[in-house]
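Peer 1: Sequence and predicted structure below; questions after.
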Amino acid sequence: MSIGPDRAVESDCEPVNARSAVSASPEADAVHHQLERILENPEFQGSDRTRRFLSYVVEETLAGHADRIKAYSVAVAAFDRDETFNPQTDPIVRIEAGRLRRCLERYYLVAGADDDILIEIPKGSYVPVFSPMQAQEEASPPEPLPEALPAAPAAARSGRLGLAPVATLLAGLVAVLFAGLVSLLLYDALKTGTPATQTRPLAQRASIAVLPFESASLLPAEAMFSAGMTNEIIRELSQHSGVLVLGPRSLLQDGQAPDIATIRQQAKAGFVLSGDIQKFGEAIRVAVQLTETQTGSVIWAESYDEVLDARSIFDFQARVGREVVRKIAQPQGAIALFDWKRTRGMAPETWEAYDCVIQAGELRRRGVLVARSAEIRACLTRATERAPAYAEPWIMLSLLEVDALRYATHSLLSPEKFDAAFAAAQQGLDLAPDSGKAHMALMLTLFFRGDIERAIAVGDVALRLSPQDPDVVGEVGLRHVIGGNPDLGLELLQKAVDQYEDPPANLSVSLSQAYLRKGMLREAAMTIDSVAPSSNFVYLAIAAAVYGSDGRVHDANLIAKELLQVYPDFSTWAALELRQRYLAPDLAAMLVRGWQAAGITVDPETAKKIAP
C-alpha cells in the first residue's frame with residue numbers, strides 16, 4: 001500500500017491568515033530586530049534546524065505569505081527535504097515545531113523577559129504571532145503568592161568515611177565531567193503559568209524541580225560526579241513528554257537551593273527531586289527522594305550503591321538515571337500513583353482535566369476501566385471542552401473510545417465507528433506533535449479502521465518518540481505481533497513487561513499472544529498463569545486458546561466455560577472477531593486450533609452471515 005502526500009494521516013496545521021498573524025502587532029522592522037536578538041542570544045538553545053525553522057516562518061509571515069506555511073513548505077525550505085516529503089511518514093516538522101515552542105518559551109523566561117516583542121508559534125499552527133510584551137503583561141497581571149507551606153524534611157544523611165581512594169579515581173575524569181556541569185548549568189526548564197491551588201496539580205502535567213545533588217566533599221572531582229548525576233537525571237526526565245522538568249538554574253538563588261515552599265510558589269512545581277552523594281572508601285551511594293510540594297511530604301525515596309572503577313562511573317550514572325525516572329515518571333510510577341490516590345475518592349464531576357487523565361490512565365492499566373468507561377469518557381469530554389488546548393484529554397479520550405469498542409462483546413467494529421477516536425487522536429497530535437502517546441492513539445484508530453500499513457508506520461514513530469514508555473512500547477509491540485513483524489513485537493512486549501515491577505494484565509496477555517504466534521507455547525501458558533483472572537472476554541478468549549494449544553485441556557475447558565458465560569454465542573462470533581481485528585492468518589489459525597482444543601467450535605460461515 002503506497003502512502004502519498006494526499007493520504008497523509010495527520011492534518012497539516014491550519015495556517016493563520018497573514019493579516020491575523022500581524023494585525024495590531026509590532027512593525028515589521030521591530031519584529032526583524034527581535035528575531036535577530038533571539039537568534040544571537042546564547043539562551044536560545046535551538047539547533048541550526050530550529051533556527052532555520054524560526055527564521056523561515058517569521059520571514060514568510062512578514063512577507064504576507066502566511067498561507068504558504070505548511071508542513072511540506074517548512075520541510076522543503078528549512079529542513080532540505082525534497083519533493084517526496086510526506087508528513088505522515090516523516091514527522092520532523094511537527095517534532096521540530098514542539099522543540100521550537102519550548103526554545104522560545106525558555107528564551108522569554110530566561111533572557112527575553114524584558115524584550116519589547118513576543119514571538120510565539122501557537123499550537124495547531126506553524127505561523128508565528130507577534131505582540132508587544134507590555135500587552136502580554138497587562139493581560140496577565142502577577143498573581144499573589146500563596147501562604148508559605150512547610151518545607152520538606154531534610155534527607156537523612158549518614159557519616160561519610162574515607163574519600164581519598166575514590167577522589168583519586170575521579171580526578172582523572174574531571175575534564176570529561178566538566179562538560180556535564182556546563183550542560184547542567186545551561187539547562188533550564190519552562191515554567192507554567194497555572195495558578196497554585198490546594199486541591200490539584202499546578203500544571204496540566206506533572207512538574208518536577210530537580211535540585212543539584214549534594215556531596216559533603218569539596219573536592220572538584222566529586223563535585224563533578226554530583227553534577228553529572230544531576231545532569232543524567234534531568235536528561236532522562238526530559239525524554240518524557242508527560243512531565244515538565246525545571247533545572248537547577250531556574251531554581252537556585254544566590255547559588256543556594258530554595259526551600260520547598262519557595263519552589264512551589266515561584267517555580268509552580270508540584271514535585272521536587274533531590275539527591276545526596278555519599279562515599280565510603282571505593283564505594284558510592286546515591287540517595288534520591290521525591291517530595292510533593294503542597295504538603296512537603298516525601299512520596300518516594302531510594303538509594304543505589306556501587307563499587308566504582310574508571311570503567312563503571314558513566315554506566316552507573318546512566319543506570320541510576322534510568323531507574324529513578326522509571327520509578328517516578330513512568331506509568332504506575334510514584335507521581336502517577338500519588339495523583340491517582342489523591343483524586344480517586346472524589347466524584348468525577350469535580351475532577352479537573354489533569355485528574356481525568358490520571359484516573360483514566362491508571363484504571364486503564366489496571367484493567368478495570370470498562371465498568372467505568374462511560375463516566376470517565378464523559379469526564380474527558382468535559383476536559384476537552386474546558387481546556388481545548390490541553391493535549392492529554394484528547395489523547396486519552398481517543399484511547400478510551402477504542403477500548404470501549406474493542407473490549408465489548410457482539411461489537412461490529414466497522415471503520416466508521418472509530419471516527420470519533422480518530423478525530424480525538426488527530427486533535428491530540430496537533431496539540432502535542434512530539435508525543436509518543438498521541439501517535440500511539442492514532443496508530444490504534446488507524447489499525448481498527450483497517451489501515452494496517454499506516455498504523456504500523458505511525459506506531460514506529462511513537463516508539464522513536466517514547467522509547468521508554470511501557471504503554472507505548474507494549475501497544476506498538478502488540479500491533480507488530482498481530483499484523484507486523486512478530487519478532488520485533490515479541491522483543492518490544494518483553495521490554496515493556498520488564499519496565500514494570502507488576503505488569504498490567506493487558507500487557508501480559510499481549511505478551512502471551514506474542515509467544516503463541518512464535519510457537520513458544522509453554523512461555524505463552526506461563527505468562528497467562530501470571531495474570532489475575534478477569535471477566536474480560538478478550539482475556540478469556542486468549543487464555544482458552546493458549547491453554548488449549550499447550551495441551552492443558554482441563555485449564556482450557558474451565559476458561560472456555562467462563563468465556564461462554566460472558567459471551568454465550570462466542571462460537572458464532574469467533575471468526576468475525578478474528579477478521580475485524582485484522583489478525584495475521586497464522587496467528588488467527590493458532591487461536592482457532594487452541595479454541596477447538598478447549599472445546600469451542602468456530603463457525604466461519606455463520607460469522608459471514610452476521611457481517612457479510
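Peer 2: That came in fine, so what should we check first?

Peer 1: where does the stretch 101-250 of the chain have low pLDDT?
Peer 2: Along the stretch 101-250 of the chain, segments meeting pLDDT under 70 span 109-110, 134-205, 218-219, 221, 239-242, 249-250.

Peer 1: can we see that at 50?
Peer 2: Residue ranges of the stretch 101-250 of the chain with pLDDT under 50: 136-203.

Peer 1: Residue 362 and residue 333 touch, don't they?
Peer 2: No - look at residue 362 against residue 333 with CB atoms under 8 Å: they stay out of range, at 10.8 Å. From N, CA and C alone the C-beta is placed, and that goes for glycine too.

Peer 1: where does this structure dip in pLDDT?
Peer 2: Within the chain, the ranges that satisfy pLDDT under 50 run 1-24, 136-203, 347-348, 607, 609-612.

Peer 1: all strands in it, in order from the N-terminus.
Peer 2: 117-120, 129-132, 206-210, 214-215, 243-246, 271-280, 283-292, 297-307 (DSSP state E).

Peer 1: so what strands line up beside the third one?
Peer 2: What it means is strand 206-210. strand 243-246 (parallel), strand 271-280 (parallel) (DSSP bridges).

Peer 1: so can I have CSV of those showing mean neighbour count and distance to residue 386?
Peer 2: Shown next, in CSV, are those (neighbours: other CB atoms under 10 Å; distance: least, CB to CB, whole Å):
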stretch, mean neighbour count, distance to residue 386
strand 243-246, 24, 20
strand 271-280, 23, 24
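
Peer 1: In stretch 482-496, which residues are buried?
Peer 2: Across stretch 482-496, burial judged by 16 or more other CB atoms under 10 Å covers 482, 483, 484, 486, 488, 489, 490, 492, 493, 496.

Peer 1: Pull the most distant pair out of these.
Peer 2: Pairwise distances among the buried residues of stretch 482-496 were taken by CB to CB; the largest, 17.8 Å, belongs to 483 and 496.

Peer 1: Residue 546 against residue 594, yeah?
Peer 2: Yes - with contact defined as CB under 8 Å, residue 546 reaches residue 594; the gap is 6.3 Å.

Peer 1: Looking at these two, which is more packed in?
Peer 2: residue 546 (30 against 25; other CB atoms under 10 Å).

Peer 1: Domain boundaries for the protein, per the record?
Peer 2: As assigned by automatic domain parsing, the chain contains the domains 5-139, 164-329, 331-467, 503-612.

Peer 1: In CSV: those, plus distance to residue 477.
Peer 2: What follows is those, written out as CSV (distance: least, CB to CB, whole Å):
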stretch, distance to residue 477
domain 5-139, 20
domain 164-329, 18
domain 331-467, 9
domain 503-612, 7
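
Peer 1: And the helices in the stretch 1-150 of the chain?
Peer 2: 18-22, 28-40, 48-62, 71-78, 92-110, 133-139 (DSSP state H, counting those that start in this stretch).

Peer 1: So for residue 541, which of those helices sits nearest?
Peer 2: Closest of the helices of the stretch 1-150 of the chain to residue 541 is helix 92-110, at 37.3 Å (criterion: CB to CB).

Peer 1: Now do the closest one: distance to the chain's middle.
Peer 2: Here helix 92-110 is found 17 Å from its chain centre; the criterion is CA atoms, centre = their mean, to the nearest Å.

Peer 1: Can you list the buried residues in it?
Peer 2: Neighbour-count burial for helix 92-110 flags 92-108, 110 (criterion: 16+ other CB under 10 Å).

Peer 1: how many other residues sit next to residue 307?
Peer 2: Residues near residue 307, counting by other CB under 10 Å, number 12.

Peer 1: where's the residue nearest to it when sequence neighbours are not counted relative to residue 275, distance?
Peer 2: Nearest residue to residue 307 in three dimensions, chain neighbours excluded: residue 283, at 5.1 Å (CB to CB, 6 or more residues apart in numbering). Residue 283 is 16 Å from residue 275, where distance means CB to CB, to the nearest Å.

Peer 1: List the contacts of residue 338.
Peer 2: Residue 338 makes contact with 292, 299 under the criterion CB atoms under 8 Å, 6 or more residues apart in numbering.

Peer 1: switch the cut-off to 6 Å
Peer 2: residue 299 (CB atoms under 6 Å, 6 or more residues apart in numbering).

Peer 1: Can you give me the distance of it to residue 72?
Peer 2: On the measure of CB to CB, residue 338 and residue 72 end up 43 Å apart.

Peer 1: do residue 363 as well
Peer 2: For residue 363 relative to residue 72 (CB to CB), the value is 40 Å.

Peer 1: now swap in residue 599 and tell me
Peer 2: 56 Å.

Peer 1: same check, this time on residue 545
Peer 2: For residue 545, the distance to residue 72 - CB to CB - is 46 Å.

Peer 1: can you check residue 329 too?
Peer 2: 35 Å.

Peer 1: Pick out whichever of these two has more residues nearby.
Peer 2: residue 329 (25 against 18).

Peer 1: was I right about that one contacting residue 244?
Peer 2: No - counting by CB atoms under 6 Å, residue 329 sits too far from residue 244 to count as a contact (10.9 Å).

Peer 1: residues contacting residue 439?
Peer 2: 458, 461, 462.

Peer 1: ok, of the residues you listed, which one's closest to residue 79?
Peer 2: When the contacts of residue 439 are compared for distance to residue 79 (CB to CB), residue 461 wins out at 16.2 Å.

Peer 1: What is the neighbour count of the closest one?
Peer 2: 23.

Peer 1: what about it, distance to residue 388?
Peer 2: Using CB to CB, residue 461 is found at 24 Å from residue 388.

Peer 1: just residue 549 next, same as before
Peer 2: To residue 388, residue 549 is 48 Å away according to CB to CB.

Peer 1: Between those two, point out the one with more neighbours.
Peer 2: residue 549 (22 against 14).

Peer 1: The closest residue in space to residue 30 that isn't next to it in sequence: neighbouring residues, count only.
Peer 2: Distance criterion CB to CB, 6+ apart; nearest residue to residue 30, sequence neighbours excluded, is residue 117 at 5.7 Å. By the criterion of other CB under 10 Å, residue 117 has 20 neighbours.

Peer 1: Residue 117 pairs with what?
Peer 2: According to DSSP bridges, the residues that bridge with residue 117 are residue 132.

Peer 1: isn't it right up against residue 34?
Peer 2: Yes - counting by CB under 6 Å, residue 117 does reach residue 34; the two are 3.9 Å apart.

Peer 1: Check the gap between the nearest residue to residue 400 once chain neighbours are set aside and residue 411 for me.
Peer 2: In this structure, residue 400 finds its nearest non-sequential neighbour in residue 377, 5.1 Å apart by CB to CB, 6+ apart. Residue 377 sits 16 Å away from residue 411, going by CB to CB.

Peer 1: residues touching residue 483, list them.
Peer 2: Counted by CB under 6 Å, 6+ apart, residue 483 has contacts 452, 582, 584.

Peer 1: any idea how far it is from residue 364?
Peer 2: Separation of residue 483 from residue 364 (CB to CB): 22 Å.

Peer 1: try residue 309
Peer 2: Taking CB to CB, one finds residue 309 at 44 Å from residue 364.

Peer 1: circling back to that earlier point, looking at residue 377 and residue 411, which one has more neighbours?
Peer 2: Higher neighbour count among residue 377 and residue 411: residue 377, with 20 against 15, using other CB under 10 Å.

Peer 1: where's the more buried one relative to residue 405, distance?
Peer 2: 12 Å.

Peer 1: next one: residue 300
Peer 2: Taking CB to CB, one finds residue 300 at 36 Å from residue 405.

Peer 1: Also residue 278?
Peer 2: Taking CB to CB, one finds residue 278 at 53 Å from residue 405.

Peer 1: Could you report the neighbour count for residue 40?
Peer 2: Residue 40: 8 neighbours (other CB under 10 Å).

Peer 1: Same check on residue 283?
Peer 2: Other residues lying near residue 283 total 14 when counted by other CB under 10 Å.

Peer 1: From residue 561, how far out is it?
Peer 2: Per CB to CB, residue 283 is found 57 Å from residue 561.
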